[in-house]
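Chemist: With the input below, show me the fold.
(4 chains)
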Protein chains: 2
Amino acid sequence: MATRRPTDAELAILRVLWRRGPSTVREVHTDQGDSGAYTTVLKFLQIMTEKGLVERNEANRSHVYRAKQSEDHTQRRLVKDLLDRAFGGSARKLVMQALSTKKSSPEELNEIRRMLDELGRQS
Amino acid sequence: MATRRPTDAELAILRVLWRRGPSTVREVHTDQGDSGAYTTVLKFLQIMTEKGLVERNEANRSHVYRAKQSEDHTQRRLVKDLLDRAFGGSARKLVMQALSTKKSSPEELNEIRRMLDELGRQS
DNA sequence: TTGACAGTACGAAACTGTTCGTACATAGTT
DNA sequence: AACTATGTACGAACAGTTTCGTACTGTCAA
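Modeler: Down below sits the predicted model:
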């Protein structure tokens, strides 16, 4: 069972779960500004449960959903996916594009520099 | 008409066009190792023409297709898209993930460092 | 106890993406 | 002239995603 990358709607829901922690359908729906039908969110969480993207706690009447993969893990998968699909595996190119797209604060830049040093030291 | 991000199959074709330059259906198909039906590639290029992703030159019997957006431009869009969908706009996080995913050569790391200096100097 | 409310389950429609078969046109070869 | 190669056009099937309506169940207050 080749675990695919989450779809747009699934990712939007996962992001809520990562930020809020385990949540009910109601909470997710409200968090998304009550846009779209309540049952749409419900449906997605049911599908995501089947797919194994989330786990469901049925102890209470309102089921509580929890992301099964960490945010970091998922982000890493998505980056690797984009890297392969659009950048021919060149991390350098992707990093350049990311940095030029959005201007980062000096603190952020320093943090990245630190990471570069880390990586350089290992080889 | 909100120009969407290219689909997986579309991106695969665009990558061929960027690498080879303007190409016929046959050339794209062969470049992809003759996997899948020839007419599938044809169909995609027709669709992509309608969508405005590629331009078609019908001067010869074998039409020649050309990517309408540059590789850089498209990559930038894709990165921005992923940034928004999965990283809440934090380029720092994305860069970290990209660097940790794939180990880069010291030369690449230096190149990125240079870019960081560039960016730092501007603010 | 019954009515309003909040919840789950589920089917189905609309849409998009992917794949291929078939029909048809034309250039070149025998 | 007929046959074969190679090309485009297009419809249709299938799969996945997204959205919502409707049915049903249980809870709680008047």
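
Chemist: quick check, the strand or helix carrying residue A:110 touching chain B?
Modeler: Element membership for residue A:110, per DSSP states H and E: helix A:106-122. Yes. Residues of helix A:106-122 are located near chain B by C-beta under 8 Å from any C-beta of the partner chain, namely A:106, A:108-109, A:111-113, A:115-116, A:119-120, A:122. (Glycine included, C-beta is placed from N, CA and C.)

Chemist: same thing with stretch A:61-76?
Modeler: Yes. Applying C-beta under 8 Å from any C-beta, one finds stretch A:61-76 touching chain B at A:72, A:74-76.

Chemist: try stretch A:95-104
Modeler: Yes. Applying C-beta under 8 Å from any C-beta, one finds stretch A:95-104 touching chain B at A:95-104.

Chemist: Name the residues of that stretch that come out as buried.
Modeler: For stretch A:95-104, the neighbour count (16 or more other C-beta atoms under 10 Å in any protein chain shown) marks A:95-99, A:101-102, A:104 as buried.

Chemist: The residues of stretch A:95-104 next to chain B in helices, which ones?
Modeler: Those of the residues of stretch A:95-104 next to chain B mapping onto helices are A:95-101, per DSSP state H.

Chemist: May I see the residues you listed organised as CSV, with pLDDT added?
Modeler: Below are these laid out as CSV (pLDDT from 0 to 100):
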residue, pLDDT
A:95, 93
A:96, 90
A:97, 91
A:98, 93
A:99, 89
A:100, 86
A:101, 84
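
Chemist: tell me the two of those residues that are most distant?
Modeler: A:95 and A:101 (10.7 Å; C-beta to C-beta).

Chemist: The nearest residue to residue A:111 once chain neighbours are set aside: how many residues sit nearby?
Modeler: Nearest non-adjacent residue to residue A:111, counting by C-beta to C-beta, 6 or more residues apart in numbering or on different chains: residue B:92, 6.1 Å away. By other C-beta atoms under 10 Å in any protein chain shown, the residues close to residue B:92 number 19.

Chemist: and which of the buried residues of stretch A:95-104 is nearest to residue B:39?
Modeler: Set against residue B:39, the nearest of these by C-beta to C-beta is residue A:97 (34.0 Å).

Chemist: sorry, back to before: so which strand or helix has the residue nearest to residue A:111?
Modeler: Assigned by DSSP H and E, residue B:92 belongs to helix B:91-101.

Chemist: Alpha carbons of that helix, as PDB, please.
Modeler: Taking C-alpha atoms only, helix B:91-101 is exported to PDB below (Å, rounded to 0.1, in the frame of the first residue of the first chain):
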ATOM      1  CA  ALA B  91      10.600  29.400   4.100                       C
ATOM      2  CA  ARG B  92      13.000  28.600   6.900                       C
ATOM      3  CA  LYS B  93      11.300  25.400   7.800                       C
ATOM      4  CA  LEU B  94      11.100  24.300   4.200                       C
ATOM      5  CA  VAL B  95      14.700  25.100   3.600                       C
ATOM      6  CA  MET B  96      15.700  23.000   6.600                       C
ATOM      7  CA  GLN B  97      13.600  20.100   5.400                       C
ATOM      8  CA  ALA B  98      15.100  20.300   2.000                       C
ATOM      9  CA  LEU B  99      18.600  20.300   3.300                       C
ATOM     10  CA  SER B 100      18.100  17.500   5.700                       C
ATOM     11  CA  THR B 101      16.300  15.400   3.100                       C
END
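
Chemist: which strands and helices sit next to it?
Modeler: Secondary-structure packing of helix B:91-101 (3 or more C-beta pairs under 8 Å, 6 or more residues apart in numbering or on different chains; DSSP states H and E): helix A:71-86, helix A:91-101, helix A:106-122, helix B:71-86.
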